[in-house]
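>>> need a structure here:
(chains A and B)
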2 protein chains.
Amino acid sequence: MVLKLRRDSESPMYLQIKEALRSEIVSGTFPHGTFLPSSRQLSQELGVSRITVTNAFAELEADGFVQGDPRRGVFVLPLWEKAMTTPGKSVELAPAWQQSLDKGPGWLSEKTRLDLLGQTRKNGAIPFNALRHDLHFLPANEFRNSLNNVLREDGGLALDYEVNEGYLPLRRTLAQYLRRLGILADAEDVVITSGGQQAIDLLCQALVHPGDTVIMENPTYTNALTVFKTRQARVVGVPVDTEGMNIDMLRGLLEKESPRLIYTVPTFHNPTGVIMSATRRRELVTLAHKYGVPVIEDDYMREIRFGSPIPPPIASFDRHGNVIHIGTFSKSLMPALRLGYVVAHGALRERLITLKRTADISSSSLIQRALNRYLTCGEVQKHWKRVSRLCRRRQMAMVAALEQHFPEGAQWSVAEGGFAIWVSLPQGVSARRLLHESLKHNVSFAPGELFFIEPADQPFMRLGFAPVNEEQIERGIKVLGDLMRQQAKRGN
Amino acid sequence: MVLKLRRDSESPMYLQIKEALRSEIVSGTFPHGTFLPSSRQLSQELGVSRITVTNAFAELEADGFVQGDPRRGVFVLPLWEKAMTTPGKSVELAPAWQQSLDKGPGWLSEKTRLDLLGQTRKNGAIPFNALRHDLHFLPANEFRNSLNNVLREDGGLALDYEVNEGYLPLRRTLAQYLRRLGILADAEDVVITSGGQQAIDLLCQALVHPGDTVIMENPTYTNALTVFKTRQARVVGVPVDTEGMNIDMLRGLLEKESPRLIYTVPTFHNPTGVIMSATRRRELVTLAHKYGVPVIEDDYMREIRFGSPIPPPIASFDRHGNVIHIGTFSKSLMPALRLGYVVAHGALRERLITLKRTADISSSSLIQRALNRYLTCGEVQKHWKRVSRLCRRRQMAMVAALEQHFPEGAQWSVAEGGFAIWVSLPQGVSARRLLHESLKHNVSFAPGELFFIEPADQPFMRLGFAPVNEEQIERGIKVLGDLMRQQAKRGN
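Numbering: from 1, shown residues only, chains lettered A, B, ... in the order given. Predicted coordinates for the structure are as follows:
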């Protein structure tokens, strides 16, 4: 290689060297994957200092032509990388096998649903769409203490793989908590999952085959619906009234549909906020036993409650192992934990552990240890009390705003806990159109169709009050009320 | 309710009250789910102090009869909970729907494999079975600093849900890292997963239908094999030689099998440690394009290397989007991060994001943020260097011990990186029997059959040196060598 340098040029030496090397790379003298001569070698050949050569390499690296590696020297990168932003890219990268990806049944209808869900997440909008707590009131400091204590005391052990079923002391703590709720659980009956979502997904994989019938409340939790539909279950809905799932209709379905599974959210039902009565819980357990159908009880929000007693979990009435109780810390503590749990026995437990292994080996040992510390340090009950008090206040503020600003015909009920109010819209108001308009005014909400089995515009909305302060509640609800009135007027 | 108390009894009043309440509960006066009278009410009725009543309640709670709730009062727990440890339990909890769980094809053979894997994990045994770094040398302190900085600066945001595809700044950092390796990747082409395991599992769900053919190296990574087999793929193996997957055999299979997917571990192949040559990488890319078959490149261990240059990733030779590059931080940093990534474009990317949502919504925002901080603080390159040096030293110590203690006929090659040595056993030695015996001497290893498509005793072992110090290496290898000699002698 001969690099031509001009000592009389105005261009500094290192830039001349850079340009010379660049043209050698572009012309193919140094193809992708080869190494440039070392700085020592080049500085001798060219009669310049090594620093000058090193500076030239740094410039080439900044421009994306080469990569320096302390051990291996300076390495030529592929040239086409420079062309990444050209318009042809997406065409280039769509081989035929990719084009057959989107054709599975269940995917298309759920894609529409998830696209709509995506639209509700607008940065800067008042997030009535969100079903989570206010980020300002998460126990960040307490949890940081737990993390630090774990790292200090457990050291490397906290950073290793965890056993698939989860950190044993955490499973012990959870079993104790669950026994207090009346649920038959030892530590070995608890399987830790990456949030309640993974609990639902693994259970669907363990229990449901394509074409099987799954019974859910209608409306129900969006992401559970998406799991069952994309895994090609036939989803059949049961309406919800003020006491929860309609048990008479359920009985009829059990008689004629031979379902594979029942999924229910009995406490602060998502999206309606309804609590299933103790009587219906007992009846559900009896029916599950009679028809030999497992029931997933998604107890996602038990601890955020406003005073009235809640009936014990459905699983606490079960004597035959038909009720699979699942829970999560995403709502009652922090979503970023990504920790939930399943109570499962026997063959189901074995299957879940294998599925957990193939899904992600284990949930983070560090986070499991920190959560266990936090749960056992005596702070969590206080935190739940604080959150519940704040939520109740915001719920009341939202109710006041609804009464003031929503037009006649809008109806809602006030749940005894949880993060949201379910509103039935007055005639002539389309939730879909309302969302379209309210997003322009930076107010978001969860339109009813997200929660119904057959996605179609539904005259409902879920309004989350937990992450929104009282000023925003007043302002946002007024915007929604005004838009509803305008829409109703135009409609007539 | 009338409780009979004896003021002249030697038994303290609170214990008398406890016993009286206990018999009311056992006799059914207070069934599961009801509340006891309040301490105020009882103290008035019985003419004792409230403290005495509270003490009685505490005793009942300690015995598991009731649960106190600050808001709701004292709540009666189900009595059958007391009988949890009776022998009938497991029979009670095995309803008919559970008994049909274990019959899926693929599950049985994989269950055998996973049971064997479980046996290798013996507490207290020298862990030659493990493919992980020494827990004493993980960057626990540096990572704690990153965690603390994130919690201090990002506060609640770090504890919220993350977008499904992952924390944007981390995806940017990874895209930059990947571009340096010559891979075509923007932040938007990177999907964060819960470890490399989830990357494999989601890709299998996106690409493979039951009955589809998947080509893998044989032997290969156990948990990838388990994913494809339990998801009912037909797995076909290609042998591995010193340059990696045998490309001529691959060509023949592509011609006659119409596979749906190729999975490869080209760099420090698990379990053999082989590096696929640059020539074969290029050929593999050409074949993938010619036959329209996607290739998963599992680049799980690139950064732990001992000096020789490694060819660029297979994905860096790809111009058509056929190579799906995946990676993980479990080996090069810490398993407890549970973070990995996929580079995917177009429809595949969309599908992966939907699958990620249904699988676990998102990986932990907190951990993603802390990892991004750690990766960008300039410490990670130093860490990789330190780990590589230590691993090289332990590898050398193991080679010396193998030379000294292993009988004639045992063969191994010394990889240029990674955590393990692959040993071919001398004739007459059964890996399965050897493991059975060595575990009695508290020495574990990974027997060959864990890694082969058809599980059967295989005359190989994988010996991990990374988590084992030099004294343990010497001691453990001597135990294995002695046992092999004894076995060979008995065999003759």
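>>> Just the element for whichever residue of the stretch 251-400 of chain A sits closest to chain B, please.
Residue of the stretch 251-400 of chain A nearest chain B, by C-beta to the nearest C-beta: residue A:321 (3.3 Å). Any C-beta I mention is one placed from the backbone N, CA and C, and that applies to glycine too. Using DSSP states H and E, residue A:321 sits in no helix or strand.
>>> Now that it has come up, it's in contact with residue B:94, right?
Yes - counting by C-beta atoms under 8 Å, residue A:321 sits close enough to residue B:94 to count as a contact (6.6 Å).
>>> What's the separation between the residue of the stretch 251-400 of chain A closest to chain B and residue A:115?
From residue A:321 over to residue A:115 the distance is 39 Å, taken as C-beta to C-beta, to the nearest Å.
>>> the more surrounded of these two?
More crowded of residue A:321 and residue A:115, by other C-beta atoms under 10 Å in any protein chain shown: residue A:321, with 26 against 9.
>>> residue ranges of the strands in the stretch 151-300 of chain A, please?
Using DSSP state E, counting those that start in this stretch, the strands of the stretch 151-300 of chain A run over residues A:190-193, A:213-217, A:234-238, A:240-241, A:244-245, A:261-264, A:295-298.
>>> from the middle of its chain, how far away would the first one be?
So that's strand A:190-193. 17 Å (C-alpha atoms, centre = their mean, to the nearest Å).
>>> Start and end of stretch A:26-40, how far apart?
From its first residue to its last, stretch A:26-40 covers 23 Å (C-alpha to C-alpha, to the nearest Å).
>>> can you list the weak-confidence ranges in chain A?
For chain A, applying pLDDT under 70 flags the ranges A:1-2, A:28, A:63-64, A:70, A:78-93, A:102-105, A:492.
>>> what's the domain layout of it?
Residue ranges for the domains of chain A, per automatic domain parsing: A:13-83, A:107-135+A:382-491, A:140-378.
>>> So which of the ones you listed is the most surrounded?
Most buried of the domains of chain A by mean neighbour count (mean count of other C-beta atoms under 10 Å in any protein chain shown) is domain A:140-378; its value is a mean of 22.
>>> Compute the first-to-last residue distance for it.
Across domain A:140-378, the terminal residues are separated by 15 Å (C-alpha to C-alpha).
>>> Give me the contact list for the helix or strand harbouring residue A:472.
Taking DSSP H and E as the definition, residue A:472 sits inside helix A:470-491. The contact list for helix A:470-491 (C-beta atoms under 8 Å, 6 or more residues apart in numbering or on different chains) reads A:126, A:128, A:393-394, A:397-398, A:401-402, A:404-407, A:410, A:425-430, A:433-434, A:437-438, A:441, A:443, A:445, A:463, A:465, A:468.
>>> do the same with stretch A:407-418
Here stretch A:407-418 has contacts from A:242, A:267-268, A:270, A:272-275, A:301-302, A:304-308, A:310, A:388, A:391, A:395, A:399, A:402, A:421-427, A:481, A:484-485, A:488, using C-beta under 8 Å, 6+ apart.
>>> ditto for stretch A:101-119
A:222, A:225-226, A:229-232, A:435, A:439, A:447, A:449-450, A:455, B:206-207, B:347-348, B:350-351, B:354, B:357.
>>> how close does residue A:486 sit to residue A:441?
11 Å.
>>> got it, and residue A:261?
Distance of residue A:261 to residue A:441, given as C-beta to C-beta: 41 Å.
>>> picking that back up, put together CSV for the strands of the stretch 151-300 of chain A, with distance to residue B:16 on each row.
Output for the strands of the stretch 151-300 of chain A, formatted as CSV (distance: least, C-beta to C-beta, whole Å):
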stretch, distance to residue B:16
strand A:190-193, 37
strand A:213-217, 48
strand A:234-238, 50
strand A:240-241, 47
strand A:244-245, 41
strand A:261-264, 43
strand A:295-298, 39
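>>> In TSV, list these along with distance to chain B.
Shown next, in TSV, are those (distance: least, C-beta to the nearest C-beta, whole Å):
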stretch	distance to chain B
strand A:190-193	8
strand A:213-217	13
strand A:234-238	14
strand A:240-241	22
strand A:244-245	16
strand A:261-264	9
strand A:295-298	11
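>>> Can you check which of those gets nearest to residue B:18?
Judged by C-beta to C-beta, the one of the strands of the stretch 151-300 of chain A that comes nearest to residue B:18 is strand A:190-193, at 29.7 Å.
>>> Direction included, what does the closest one pair up with?
Within its sheet, strand A:190-193 is paired with strand A:340-343 (antiparallel), according to DSSP bridges.
>>> contacts for the partner strand?
Here strand A:340-343 has contacts from A:166, A:171, A:174, A:178, A:183-185, A:189-199, A:202-203, A:315, A:324-330, A:352, using C-beta under 8 Å, 6+ apart.
>>> Report all helices and strands that the lengthiest helix in chain A contacts.
Counting residues, the longest helix in chain A under DSSP state H turns out to be helix A:380-405. When contacts are defined as 3 or more C-beta pairs under 8 Å, 6 or more residues apart in numbering or on different chains; DSSP states H and E, helix A:380-405 packs onto strand A:420-424, helix A:470-491.
>>> Now look at the shortest one and say if it contacts chain B.
Translated: strand A:420-424. No - judged by C-beta under 8 Å from any C-beta of the partner chain, strand A:420-424 and chain B are separated, with a smallest distance of 15.6 Å.
>>> Which strands or helices does that strand pack on?
Judged by 3+ C-beta pairs under 8 Å, 6+ apart, the packing partners of strand A:420-424 are helix A:380-405, strand A:411-412, strand A:460-464.
>>> what are the pairing partners of it, and which direction each?
Using DSSP bridges, strand A:420-424 pairs in its sheet with strand A:411-412 (antiparallel), strand A:460-464 (antiparallel).
>>> Mind checking which residue lies nearest the centre of chain A?
Centroid check for chain A by C-alpha atoms, centre = their mean gives residue A:197 as the closest residue, at 7.2 Å.
>>> I'd say it and residue B:362 touch.
No - counting by C-beta under 8 Å, residue A:197 stays clear of residue B:362, with 9.3 Å between them.
>>> The residue lying closest to residue A:99 once chain neighbours are set aside: which element?
Taking C-beta to C-beta, 6 or more residues apart in numbering or on different chains as the measure, residue A:99 lies nearest to residue B:347, with 6.8 Å between them; neighbours along the chain are not counted. Here residue B:347 sits within helix B:346-360, counting by DSSP H and E.
>>> Could I have the CA atoms of that helix written out in PDB?
Listed in PDB are the C-alpha atoms of helix B:346-360, where the atom choice follows Å, rounded to 0.1, in the frame of the first residue of the first chain:
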ATOM      1  CA  GLY B 346     -40.400  -5.600   8.800                       C
ATOM      2  CA  ALA B 347     -43.200  -8.100   9.500                       C
ATOM      3  CA  LEU B 348     -41.100 -10.300  11.700                       C
ATOM      4  CA  ARG B 349     -40.400  -7.300  14.000                       C
ATOM      5  CA  GLU B 350     -44.100  -6.500  14.200                       C
ATOM      6  CA  ARG B 351     -44.900 -10.100  15.000                       C
ATOM      7  CA  LEU B 352     -42.200 -10.300  17.700                       C
ATOM      8  CA  ILE B 353     -43.400  -7.200  19.400                       C
ATOM      9  CA  THR B 354     -47.000  -8.600  19.600                       C
ATOM     10  CA  LEU B 355     -45.600 -11.900  20.900                       C
ATOM     11  CA  LYS B 356     -43.500 -10.000  23.500                       C
ATOM     12  CA  ARG B 357     -46.700  -8.200  24.600                       C
ATOM     13  CA  THR B 358     -48.600 -11.400  25.100                       C
ATOM     14  CA  ALA B 359     -45.600 -13.100  26.700                       C
ATOM     15  CA  ASP B 360     -44.800 -10.600  29.400                       C
END
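>>> just checking, what packs against the helix or strand following that helix?
Remark: after helix B:346-360, the chain's next helix or strand is helix B:365-376, criterion DSSP H and E. Packing partners of helix B:365-376 (3+ C-beta pairs under 8 Å, 6+ apart): helix A:365-376, helix B:140-154, helix B:168-180.
>>> I am finished for the moment; much appreciated.
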